[in-house]
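**Student:** Take this sequence and fold it.
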Amino acid sequence: MINASYLLVEKFEDCCRFYNLPVLTLRYDVVTRWGSAFTMLERAVFLRKAIERFVDLEDLDHLRLSKKEWDQCELLLTILLPFKKTSDRLQQTKRPSIDAVFWSYETLFNEIDELNTIFNTPINKQRSWIQELACAVKKMMAKLRKYYNKTERPYVYSDGQILEPRGKLILFDQDSWDPGDADKYSRLCRERYLRYYASQDKNGSTVDNNVDARKAHPLKRKIAEITGEDDDDDDDDDYRLMQRRRAEQGCGNEYDRYVKAPVSIMPNEDTLDWWRRQAPFYPNLSLMVRDTLSVPATGAGVEREFSKSGKVATWARSRLNTGTISEIMMFKNFLARKGDELRNWEDSDLGIAEEHIVEIEVPKKWRRQWWLDKRNRLR
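**Tutor:** Model prediction:
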């Protein structure tokens, strides 16, 4: 209603200024966009006074919300907040998120159970507007249960949880899980490791590959070659350290040693950094980690890349080659990871003097032909 005309937009902005509120626009609830219902309600509740004043000035009584409906909007915000946080966490691509799927389901199920407990209190049972939301929460539980049941067949969710050094099998020991779930998921993950990643000897027993200590530190070896120093002592120390670590962990394959080993990851250390540091001690298991944690929890990252490509290959750059578009996107991603956003380079940065820049006048007939071609393509 407000965005239907610029005049109504200006009137709504005046309503925001009347209550000293930031001049903001109302957001839409897009069905195909995650979290859009939460952002819509959040913006509407924040601009409640401006909305009510706009409705009064324009005599839009059929669009007026009652106090009961506003209370339902505020309660819906508290219900949808955990879902909004979960979706934002699973959509990120800066760190592995496949290990957070089971934890996310655990959190959401606990939130819904707590809501059902609150709704079933004697006081809330007498409030009709709360019971209306209770029916919606039951449907949310059914929808969540539907998608959760689909995680039984793909094993990447359980493997990602086990290969996360902070969690391992802790989640499966919760009261909401069956007593034998921890042993079941651990046994299946171990079988996949033995089948696809661990080396097999002639007798069929599992033997882990020994890692050459000299390959563990190529940077040390390169420095020794430049300086002329002998790094054999350092390599021997590394070899002894690895042997001592294996002796402390006991015999067995890498998976068994990993599960039995105490948690040694730092509080703020990244999961990939920890596995990169532990790769010399778990050479085969680290390969399984690469294949497992590289699986995205959602397709949001891929969809985000398609959106970036649309911003690169605009109508004004419609003749870009596919390889050029890919290189531009990779370059922008590289700059973003380094913390240096893409900026417009000045002529002075390129080392070009102003007197060497020559402006070329394009003939008018060429410009007209270019616009005719552009119009035909648009048709």
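
**Student:** can you map out the strands along the chain?
**Tutor:** 199-200, 206-207 (DSSP state E).

**Student:** worst average pLDDT in those?
**Tutor:** With a mean of 48, strand 206-207 has the lowest mean pLDDT of the strands of the chain.

**Student:** For the residue most central in space within the chain, give me the pLDDT.
**Tutor:** In the chain, the residue lying closest to the centroid (C-alpha atoms, centre = their mean) is Gln92, at 1.7 Å. At Gln92, the model reports a pLDDT of 80.

**Student:** distance of it from Ala300?
**Tutor:** Distance of Gln92 to Ala300, computed by C-beta to C-beta, to the nearest Å: 8 Å. Where C-beta positions appear, they are placed from N, C-alpha and C, glycine not excepted.

**Student:** Val45 now?
**Tutor:** For Val45 relative to Ala300 (C-beta to C-beta), the value is 26 Å.

**Student:** before we move on, what about Ala261?
**Tutor:** In terms of C-beta to C-beta, Ala261 sits 34 Å off from Ala300.

**Student:** for the closest residue to Asp71 other than its chain neighbours, what are its contacts?
**Tutor:** Nearest residue to Asp71 in three dimensions, chain neighbours excluded: Trp129, at 6.5 Å (C-beta to C-beta, 6 or more residues apart in numbering). Residues near Trp129 by C-beta atoms under 8 Å, 6 or more residues apart in numbering: 68, 71-72.

**Student:** Determine the longest helix present in the protein.
**Tutor:** helix 67-91 (DSSP state H).

**Student:** gap between that helix and the chain center?
**Tutor:** Chain-centre distance of helix 67-91: 19 Å, with C-alpha atoms, centre = their mean, to the nearest Å.

**Student:** Show me what that helix is packed up against.
**Tutor:** Helices and strands touching helix 67-91, by 3 or more C-beta pairs under 8 Å, 6 or more residues apart in numbering; DSSP states H and E, are helix 36-46, helix 101-119, helix 128-148, helix 300-312.

**Student:** Pull the distance from stretch 184-199 to the chain's centre.
**Tutor:** 27 Å.

**Student:** buried stuff in it?
**Tutor:** Within stretch 184-199, the residues that count as buried by 16 or more other C-beta atoms under 10 Å are 185-186, 189-190, 192-194, 197-198.

**Student:** what's the answer for stretch 81-93, then?
**Tutor:** Buried, per 16+ other C-beta under 10 Å, within stretch 81-93: 82-84, 86-87, 90-91.

**Student:** Closest one to Leu21 out of those, please.
**Tutor:** Distance to Leu21, by C-beta to C-beta, is smallest for Lys84 among these, at 22.4 Å.

**Student:** Thought Phe38 was touching the closest one, still the case?
**Tutor:** Yes. Counting by C-beta atoms under 8 Å, Phe38 is a contact partner of Lys84 at 4.4 Å.

**Student:** Report the two of the buried residues of stretch 184-199 separated the most.
**Tutor:** Tyr185 and Ala198 (18.2 Å).
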